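Peer 1: here is a sequence with its predicted model. Questions after.
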Amino acid sequence: MSKKIFDEIEGLVTETRNTRSLEIDAKETREILQIINEEDQQIPAIVAQEIPYIAQAVELIVESFKNRGRLFYIGAGTSGRLGILDASECPPTYGTDPEMIQGIIAGGLKALVRSQEGAEDDAKQPVVDLQDAGFSNHDVAFGIAASRRTPYVLGALQYAKQIGAKTVYLTCNPRSEATIPVDVLICPVVGPEVIMGSTRMKAGTATKLVLNMVTTTAMIKLGKVYGNLMIDLRMTSKKLEERSKRVVMLVTGKSYEEAAQLLERAHGHVKTALVMALAHVSFDEAQLRLEKADGLLRRAIQEA
C-alpha cells in the first residue's frame, strides 16, 4: 500500500522538483525572495486560463443559493484552511447567514491551528462530517485538493455525488489526471513548488484567488453589490458602521449626518437604506421592493 501511495505522489506535478530553485539553500536572502516572487507572478495567468470552468462553478453555486442550498468547502491542511477562511469572511462582507457558506477540514476545527496530517487519509470521516452538518442534495460540495488524491476530499465528493448533490473539484494537477467524476473541475496547474511539495505556496495562492473569484462573483450575482460597493452590510462593528455610512454617502450624495439618520430608519441595513433614498419610499416599501426584485438593488429602484 505504501509503495502505491509513493507511486501516486511521485507522479504529481505538485510533488516534482522546481529546476529554478534547485540551489535555493545556497542563495542570499534577496535572491531567495526573488525566486519565490518570480514563481508567484505566474499564478494569476494560470488561474485566468480556468475562468471558463470557474464561471461554470459560480453559476451552479448561485443556482443552489437561489434554491436555499448551501456551499460546503471540503479540504485538508492548507486547502481546508483556505476554504474555512473564505467561508468565514462572507458574513461580515456580504451579510450572509453563516450557514450559507461553510468550510469543513479534515481533523476538525483543531486542524486550523495545529496540523492533523493523518486525518486527510480517512475517506469515511468526511461522510460523517457532511451528515453532521446537514448536507443535502440541495447543497454544493466544493472539494479542494492541490494534489488531487486526498482521500478525505475524494470521499466527500463521492458521497455528495451519490446523494445527488452538485460537486466542484479544485486541484492544481492536470485535468486529464482527475480520478473521479464531478460537475465542474477547476485545474490551475501551477507547476512545481519552490520547495518541493510545499503546496501552501503557489498552489495555496492559486486556491485563494479562485475562492475569492467564486464567492465574490456569486455575491454580485445575488445582488449584494451595487457598482463595486458592498451593500448588504450589517453594522456589527465600528468599522462596518462607518463603512455603511460611506457607502450611503457615495451612492446618494447625502451628508455624513443624513446618511447616519437614513441608516437608523433602515434599521442599519445599507441596501434597504439605498432603496428608501433612491426610490423615495418608506422602509416597508423598500423591503417589499427588494423582496420582489430578488434582492437586486437596481431592479428594486426601477420598479414602478
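Peer 2: Now that the structure is in, tell me what you want to look at.

Peer 1: give me phi/psi at Thr171?
Peer 2: Torsion angles at Thr171 (phi, psi; degrees, to the nearest 10) stand at phi -140, psi 150.

Peer 1: who's the spatially closest residue to Leu250 that is not a sequence neighbour bridged to?
Peer 2: Using C-beta to C-beta, 6 or more residues apart in numbering and skipping residues adjacent in sequence, the residue nearest Leu250 is Leu229, 6.6 Å away. Yep, even glycine has a C-beta here, placed from its N, CA and C like the rest. Per DSSP bridges, the residues bridged to Leu229 are Tyr226.

Peer 1: my guess is Leu229 contacts Thr252, does it?
Peer 2: No. Look at Leu229 against Thr252 with C-beta atoms under 8 Å: they stay out of range, at 11.5 Å.

Peer 1: quick one on the thing from earlier: quick one: contacts for the residue nearest to Leu250?
Peer 2: Applying C-beta atoms under 8 Å, 6 or more residues apart in numbering to Leu229 gives the contacts 247, 250-251.

Peer 1: nearest to Asn173 among those residues?
Peer 2: Val247 (41.2 Å; C-beta to C-beta).

Peer 1: on the three-state scheme, that closest one is what?
Peer 2: helix (DSSP: H, G, I helix; E, B strand; the rest coil).

Peer 1: how far away is the nearest residue to it once chain neighbours are set aside from His269?
Peer 2: The shortest distance from Val247 to any non-neighbouring residue, by C-beta to C-beta, 6+ apart, is to Leu229 (5.0 Å). If you measure Leu229 against His269 using C-beta to C-beta, to the nearest Å, the figure is 14 Å.

Peer 1: how is the chain divided into domains?
Peer 2: Annotated domains of the chain cover 9-221, 226-302 [automatic domain parsing].

Peer 1: C-terminal to the worst-scoring helix or strand of the chain on mean pLDDT, what's the next element?
Peer 2: Least confident helix or strand of the chain, by mean pLDDT, DSSP states H and E, is helix 2-10 with a mean of 56. Downstream of helix 2-10, the next assigned helix or strand under DSSP states H and E is helix 29-40.

Peer 1: pLDDT score for the nearest residue to Ile32 once chain neighbours are set aside?
Peer 2: Excluding its sequence neighbours, the residue lying closest to Ile32 (C-beta to C-beta, 6+ apart) is Ile24, at 5.8 Å. Ile24 carries a pLDDT value of 94.

Peer 1: next, the contact list for Ile24, please.
Peer 2: Counting by C-beta under 8 Å, 6+ apart, Ile24 has contacts 32, 35, 194-195.

Peer 1: tell me the spacing between Glu242 and Val270.
Peer 2: Distance from Glu242 to Val270, by C-beta to C-beta: 12 Å.

Peer 1: check Val225 too.
Peer 2: 11 Å.

Peer 1: any common contacting residues for these two?
Peer 2: Ile231.

Peer 1: quick one on the thing from earlier: with neighbour numbers in mind, choose between Glu242 and Val270.
Peer 2: Val270 (29 against 13; other C-beta atoms under 10 Å).

Peer 1: Leu240 is in contact with that one, correct?
Peer 2: No. With contact defined as C-beta under 8 Å, Val270 does not reach Leu240; the gap is 9.5 Å.

Peer 1: just how off-centre is the longest helix along the chain within its chain?
Peer 2: In the chain, assigned by DSSP state H, the helix with the most residues is helix 202-221. Distance of helix 202-221 from the chain centroid (C-alpha atoms, centre = their mean, to the nearest Å) equals 5 Å.

Peer 1: for it, packing partners?
Peer 2: When contacts are defined as 3 or more C-beta pairs under 8 Å, 6 or more residues apart in numbering; DSSP states H and E, helix 202-221 packs onto helix 29-40, helix 43-48, helix 51-66, strand 71-75, helix 77-94, strand 140-144.

Peer 1: next, the angle from the fifth one to helix 202-221.
Peer 2: Spelled out, that is helix 77-94. Taking axes from the mean of the first three to the mean of the last three C-alpha atoms, to 10 degrees, one finds helix 77-94 and helix 202-221 inclined to each other by 30 degrees.

Peer 1: what about helix 77-94, average pLDDT?
Peer 2: 94.

Peer 1: what is in contact with Val270 and Leu240 at once?
Peer 2: Joint contacts of Val270 and Leu240 (C-beta under 8 Å, 6+ apart) are Leu233.

Peer 1: I appreciate the help and will end here.
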